[in-house]
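Trainee: After the sequence you'll find the predicted model.
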Amino acid sequence: MKNFFHAAAILIDPAAAWPRVAKEPADWLDLMTRYVALLAFIPALSGFVGACIIGVIVPGTGVVRAALFDGIFGAIFFYLENFVLVAALGVLVHLGAPLFGGRRNFAAALTLAVYSYTPVWLAGIFLLLPGLRFLTLLGCYGAYLLLVGLPPMTQTPPSRSRVFAALLVLAAFVLTLFAGWAQHRVFSGTAGI
């Protein structure tokens, strides 16, 4: 439950919340099994329902729905990808921190990655309705959370954290595109999960 209180505080007032989170010992296993496991379920389930049950309106064709088999396995694949994405981002923060004057601490790096990814998972609710999918762009708030969280979580000097944050956001974007490409290659019949 502590993780959800931290996340709410970070979403509301990141400048005040990140230093408090940085002072507490991070339990990365708890974070992955209790926090990521629940929040990553939001876009996976919403994408499944939106693609397989509600469907997408295609002009001249009508409502198009993904095959149930592709939708189920696509949602599972997408769910598991979220763990890999956030762990990869945590590793990049951990390895990159010394290059920008910060310190290495995997638990803090993973905590930063996980809480910064929270808006992406919450915005995943908009995958339910095809007309609202553009609202998933609200997940970009995570880039700001990452920028504000870098100095307290990695001890990166604020003057160097902007470049570090920009590189991390670019890396997260590339990782997300690769994950989407991989899912599309494996489940080519899955429409839009």
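Mentor: Good, I have the coordinates.

Trainee: Strands of this structure, residue ranges please.
Mentor: Here the chain has its strands, by DSSP state E, at 56-58, 62-64.

Trainee: Relative to Ala44, which of these is closest?
Mentor: Comparing these against Ala44 with CB to CB, the closest turns out to be strand 56-58 (17.4 Å). For the C-beta atoms, the positions are set from N, CA and C on the backbone; glycine is no exception.

Trainee: May I have the strands that pair with the closest one, each with its orientation?
Mentor: Strand pairing for strand 56-58, determined by DSSP bridges: strand 62-64 (antiparallel).

Trainee: Give the buried residues for stretch 38-47.
Mentor: When burial is assessed from 16 or more other CB atoms under 10 Å, stretch 38-47 yields the following buried residues: Leu39, Ala40, Ile42, Pro43, Ala44, Leu45, Ser46, Gly47.

Trainee: Would you confirm that the third one contacts Leu128?
Mentor: No - taking contacts as CB atoms under 8 Å, Ile42 lies outside contact range of Leu128: 9.9 Å.

Trainee: so how many other residues sit close to Ala37?
Mentor: When neighbours are defined as other CB atoms under 10 Å, Ala37 has 13 of them.

Trainee: Quick check: the gap between it and Trp28.
Mentor: Noted for Ala37: a distance of 13 Å to Trp28, by CB to CB, to the nearest Å.

Trainee: before we move on, what about Val169?
Mentor: Separation of Val169 from Trp28 (CB to CB): 21 Å.

Trainee: Check Gly96 too.
Mentor: Gly96 sits 17 Å away from Trp28, going by CB to CB.

Trainee: Would you enumerate the residues in contact with Leu135?
Mentor: Leu135 is in contact with Ala123, Phe126, counting by CB atoms under 8 Å, 6 or more residues apart in numbering.

Trainee: Done for today, thanks.
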